[in-house]
Structure formats: structure tokens, C-alpha cells
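>>> Show me how the following folds:
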Amino acid sequence: MATTVTSKGQVTIPKPVRERLGIEPGNAVDFELAPDGRVVLFKVGGAQQPSRFDAVRGVADAGLSTDEIMALMRGDD
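Model (predicted):
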């Protein structure tokens with residue numbers, strides 16, 4: 001993903017990067033210079049945005065069998 005530097009030294013962070021890091025208007029970001037010459041962007045005060053699967057991980061209840069869960073989902077009596 002390429003972006004252009006303005007005359008003021010500003011760049012637009014591409015939308016996929018903002019979404020991945022959870023960066024929203026007003027958030028602070030930081031830059032780290034890696035030993036190999038790369039620049040790494042971080043959202044200040046926050047970790048990487050959790051996976052969309054993290055929200056449901058560990059939610060299932062072991063009290064029902066797969067057949068019972070499927071019957072509930074199908075609306076079987």
C-alpha cells in the first residue's frame with residue numbers, strides 16, 4: 001500500500017491498516033525504527049485489535065450435545 005507524503009510531511013494511513021490497528025480519528029500513533037530500516041506503526045495505548053473470533057472464543061456451553069444444539073437451531077420440538 002503506497003501513499004504520498006504532503007508538503008507538510010503528512011501521510012494518510014490506508015484504511016485496511018487503520019482497521020487492523022483499530023485506529024480512529026483522534027487516536028495517537030507512534031513510530032518505531034526497526035534495526036533493518038523498516039518503520040513500524042503502533043496505536044498508542046492499545047494493543048493490536050483482537051481477532052473477530054476472540055469475541056466468541058470460549059462462549060459455547062458444554063451442557064448441550066451437538067444434536068441438541070442443532071435441534072434448537074432448527075426449532076425442533
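>>> So which elements touch the helix or strand hosting Arg20?
In the assignment (DSSP states H and E), Arg20 maps to helix 15-21. With contacts defined as 3 or more Cβ pairs under 8 Å, 6 or more residues apart in numbering; DSSP states H and E, helix 15-21 has these neighbours: strand 39-43. The way it works is simple: take the backbone N, C-alpha and C, and place the C-beta from them, glycine included.
>>> just checking, next helix/strand downstream of the strand it packs on?
helix 66-74.
>>> still on that earlier bit, residues touching the next helix or strand after the helix holding Arg20, excluding its own?
Next helix or strand after helix 15-21 toward the C-terminus (DSSP H and E): strand 29-33. Applying Cβ atoms under 8 Å, 6 or more residues apart in numbering, the contact partners of strand 29-33 are Ile13, Leu21, Ile23, Val39, Val40, Leu41, Phe42, Lys43, Val44.
>>> one step back: any idea how far the helix holding Arg20 is from the chain center?
7 Å (Cα atoms, centre = their mean, to the nearest Å).
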